[in-house]
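In: Sequence and predicted model, in that order:
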Amino acid sequence: MKEYILTRNKGKISLEQLIYGMPSKMLVFNEQFMKFCFQVANYQNQFEGDLEKVYTNLLFLKSDKVKILYYLSDLDKEGHLKEINIDFISRKNFGHLFSNQVRINGASLNGNLLTRQILPKLFLKYFANKVFFIFKAKVRKEKVIKAWVEITEKIYKDELKNAQILIYPFPLKIHRQLLYVYKKAIRREKIGLMGVPYRIAPLLKSVFSKDYDYHISVFEHLGAIKQADYFINHSIAKKILTTEEFEVGSYTFSKRLAEGQIEVINSCHGLSVYSPFVSFTKFNLINKKQQQLYSVFNEGLNFEIMYSEDCEPGGIPIRKIIFVDQGNLTKFGLHYEAVLREKTLTALNQLGEKNNFPIEIKTHPNTKQKEIKRIQTLFENLTLIKTLDTTAKETVFITLYSTAYYDFRRIGKFIFIKDDLFDPSLFFGPEINTVHIANLKSNLEQLTKHG
C-alpha cells in the first residue's frame, strides 16, 4: 500500500514527506502533545493505573507513529484533512481521534504504536542488565549514586565523598562507559556494578503477540518494580541520586521506593523533556520551561531550577566559531532536525572555505566513529574537537538546542539556529539569540568582520 494523506490545501502528501516535514523536537516541548499521548494510552483498555503511565512515557519517548497521529489530528481540527491512507491508522483503532468527515483507509487490525524494531535493543538491554545484576555490588552506604557514564559524577560532584557509585549498563555507546570505568580503576576509586532485574517473559511474549505494546510496557514496568524492591529489601540505601528521567519506568521505580521510605533525587541530564510521568522526591531542572511541562502530570512535585535565567554578555570580539553538535539526529527519529543540522554544517563549511577563520565542531560524546568519519569527509573545512575549553574567550557558539549554553554562555556568544518551523526559543526562552538558517552565513560574516 502506497501510504499518503489527502489534504484540502496541499493535496496529496506521502508518508515520507509528512515525516520529514515534522520538526519532532518541537513536540517534546508541546504540552498538548504530552496530553495527546496520555489520551491515546488512556483509550487502550488493557492499560490501567501505573502501567498506563509507563505506556504514556513509552509513546512520548519511543513512538514515531503517535507523532504522526498528533500531526494528522491537528490537520483535522484545522479542517485541512480529507483522507488517510496509512496502514497502521484504521477507523477501528484510531477513529476516535478524527472527525467523521475524514476518510480512513488503513487496514491494521491492531492498535500498536511502538514498533517491533525496538525489540533487539530491548533484548540487549535485558541481557546487559542481567549480567550487571549477577555481578552487582553489595550496597554498603545509605546514599547511592546511579551512574552510567562520567556525566553523572559531574552533576553530583559534591556528593561523591559520602556516596556509593553503582554503574548501570550504557549500551548507547559502550566505549564511553568502558573509558569511564577504566579511568575510575586507574585512579583506584571504588565503584560497583548494578543492573535492573528485568523479566524476560514479557519480552518473549512481545515477539509473538499481536499486543506487543502491552508486553513491552509490562517489561519496563515490572523491571522498575523489581529494581526498587531490591533496594528496599536487600540494601541499607536511604537516598538515591540519579539522572534517569529518560527511563520510561523511572516513574514506577521512584514511586515504589517512596513507599519503602527511600528518597530519589533526580537531576535532569539535558534540556529535553523525556517521561511525562515522574515521581521523584526532588527533581532538579535546567529552566522554567521544563518545570512547566513536567508539572502537567506531576503537579506538586518538588522542583528546583539549577541554572539562572541570565543571558550571556554581548559585544565581544570574535576569534573562533564552534558548532556544538548533538550527533546523528536521524537515529533518534529527528529527521527534520537532522536536515537542519546538515544545512548548518554546510553553511559553516562554506564560510570556512572563504575565510582563514577557525571553525570547529564540538562532537557529542555519543557520536559513533562512522558519523565522525562522514563529517570529516563531507565538511573538510571544519575541525572536530572532543572537549570545549572552559577558559576560551572571544568565541561564537552555534547550536540547534545544546544545553552547553548554560555552561559556556559566559565565555562566548551563543547563536541558535531556527527556521520557519523550528524555533529553540521555545526551549530556552525568548531572550536567546536566534538566526534563521537562511541568514546564518551572512550573519557570521558580519560578526567576524565587526565582532
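Out: Cool, got the structure. Numbering: from 1, shown residues only.
In: which residues sit in contact with residue 321?
Out: Under the criterion of CB atoms under 8 Å, 6 or more residues apart in numbering, the neighbours of residue 321 are 348, 351, 357-360, 395-396, 398, 444, 448. To be clear about C-beta, it is placed using only N, CA and C from the backbone, and glycine gets the same treatment.
In: for residue 28, that is, sorry about that
Out: For residue 28, the set of contacting residues under the criterion of CB under 8 Å, 6+ apart consists of 272-273.
In: The one 10 residues further on too?
Out: With contacts defined as CB under 8 Å, 6+ apart, the neighbours of residue 38 are 56, 276, 297.
In: just residue 337 next, same as before
Out: The neighbourhood of residue 337, defined by CB under 8 Å, 6+ apart, consists of 23-25, 329, 400, 422.
In: Kindly list the main-chain dihedrals of residue 164?
Out: When read as degrees, to the nearest 10, the backbone of residue 164 gives phi -100, psi 130.
In: State the three-state secondary structure for the residue nearest to it when sequence neighbours are not counted.
Out: Ranked by CB to CB, 6 or more residues apart in numbering and with sequence neighbours excluded, the top spatial neighbour of residue 164 is residue 141, at 4.0 Å. Reducing the assignment to helix, strand or coil with DSSP: H, G, I helix; E, B strand; the rest coil, the entry for residue 141 is coil.
In: ok, now residue 422?
Out: When classified by three-state DSSP, residue 422 comes out as coil.
In: can you count the residues close to it?
Out: Residues near residue 422, counting by other CB atoms under 10 Å, number 22.
In: That one: what's it in contact with?
Out: The neighbourhood of residue 422, defined by CB under 8 Å, 6+ apart, consists of 23, 25-26, 336-337, 340, 400.
In: Among these, which ones are in helices?
Out: Within the contacts of residue 422, membership in helices is found for 25-26, 336-337, 340, as judged by DSSP state H.
In: For those residues, which two are the farthest from each other?
Out: Greatest spacing in the ones in helices among the contacts of residue 422, by CB to CB: 26 and 340 (11.4 Å).
In: roughly how far is whichever strand in the chain runs longest from the heart of the chain?
Out: Secondary structure of the chain read by DSSP state E shows that its longest strand is strand 412-418. In terms of CA atoms, centre = their mean, to the nearest Å, the centre of strand 412-418 is set 21 Å apart from its chain centre.
In: strand partners of it, parallel vs antiparallel please.
Out: Here strand 412-418 is paired, per DSSP bridges, with strand 395-399 (parallel), strand 434-436 (parallel).
In: Can I get it as PDB, trimmed to CA atoms?
Out: Extracted as PDB, the C-alpha positions of strand 412-418 are listed here (Å, rounded to 0.1, in the frame of the first residue of the first chain):
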ATOM      1  CA  GLY A 412      31.200  33.500  24.500                       C
ATOM      2  CA  LYS A 413      28.300  34.400  22.400                       C
ATOM      3  CA  PHE A 414      25.600  31.700  21.600                       C
ATOM      4  CA  ILE A 415      23.600  31.700  18.300                       C
ATOM      5  CA  PHE A 416      20.800  29.200  18.000                       C
ATOM      6  CA  ILE A 417      19.600  28.000  14.600                       C
ATOM      7  CA  LYS A 418      16.000  28.400  13.600                       C
END
